[in-house]
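**Q** Sequence below, structure please.
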Amino acid sequence: MSYQHQKRWLDVVVASVLMVVFLPFWIVIPILIYFDSGLPIFFSHKRVGLGGKEFRLYKFRSMVKDADDLLHKKDAKLLEQFKAGDWKIANDPRITKLGKVLRSLTIDEFPQLINVLTGQMSMVGPRAYVNKELQEQTQKYPHTKPLVADILSIKPGITGPWQVNGRNEIPFDQRAQMDAEYVRKQSIWEDIVILLKTPQAMISKW
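**A** Numbering: from 1, shown residues only. As a prediction, the model looks like this:
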């Protein structure tokens, strides 16, 4: 069986098991989000996947309802901090109180299991970037353009090499390097090792 077939079997089995194991989260988290900040429960937006094709990625909503408008249309200073921080903001004021907990445990990303089961993502792979983020980051770090080409040659993943080795503290150019190295050396055993390391990474900030 080829690596790609092995990887797809691993994706389906692991995602299916996690959907069942974490079934209580699918009941409790929507209720908590509703009472914390109302509807909608889920957040989705377009990310760049295999071959540069965009798809809609799903998460539990961890920010205020108008988070994108607040960032891009209403708060120029916040947007400046966002771009200066490699598309991250320390102590982001848009994150709800419950959202901080969901993010610290990576629970907000559970709905991406749906993306895995539908074949848009893998359990393990490079980060799924926003198209505009890729454009701006490759302008800021021109040497990463060949790396991004490698990254987009496979499906993005829920977890990956840099997520289990520093998470969001790693700047874009280093993340891109780690993801590209994963693409070049990928194997089913490497995927299993990353999956086994992921739970520890999830609770490392808690």
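**Q** any chance you could map the helices in the chain?
**A** Assigned by DSSP state H, the helices in the chain fall at 3-21, 23-37, 67-69, 76-84, 97-104, 112-117, 131-140, 145-151, 172-185, 188-203.
**Q** For the last one, output the C-alpha coordinates as PDB.
**A** Once non-C-alpha atoms are left out, helix 188-203 reads as follows in PDB (Å, rounded to 0.1, in the frame of the first residue of the first chain):
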ATOM      1  CA  ILE A 188       3.500   7.100   8.000                       C
ATOM      2  CA  TRP A 189       5.800   6.600  11.000                       C
ATOM      3  CA  GLU A 190       6.500  10.300  11.100                       C
ATOM      4  CA  ASP A 191       2.800  11.000  11.100                       C
ATOM      5  CA  ILE A 192       2.200   8.600  13.900                       C
ATOM      6  CA  VAL A 193       5.000  10.200  16.000                       C
ATOM      7  CA  ILE A 194       3.500  13.700  15.500                       C
ATOM      8  CA  LEU A 195       0.100  12.400  16.400                       C
ATOM      9  CA  LEU A 196       1.400  10.900  19.600                       C
ATOM     10  CA  LYS A 197       3.200  14.200  20.500                       C
ATOM     11  CA  THR A 198       0.100  16.300  19.900                       C
ATOM     12  CA  PRO A 199      -1.800  15.700  23.200                       C
ATOM     13  CA  GLN A 200       1.200  17.000  25.100                       C
ATOM     14  CA  ALA A 201       1.500  20.000  22.900                       C
ATOM     15  CA  MET A 202      -2.300  20.700  23.400                       C
ATOM     16  CA  ILE A 203      -2.000  21.000  27.100                       C
END
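**Q** Identify each buried residue in that helix, please.
**A** For helix 188-203, burial by neighbour count (16 or more other CB atoms under 10 Å) applies to Ile188, Asp191, Ile194, Leu195, Thr198, Ala201, Met202. Backbone N, C-alpha and C define where each C-beta goes, glycine included.
**Q** roughly how far apart are the third one and Ile29?
**A** Right, the one you point to is Ile194. Distance check for Ile194 against Ile29: by CB to CB, to the nearest Å, it reads 24 Å.
**Q** same thing with the fourth one?
**A** Leu195 sits at a distance of 22 Å from Ile29 (criterion: CB to CB).
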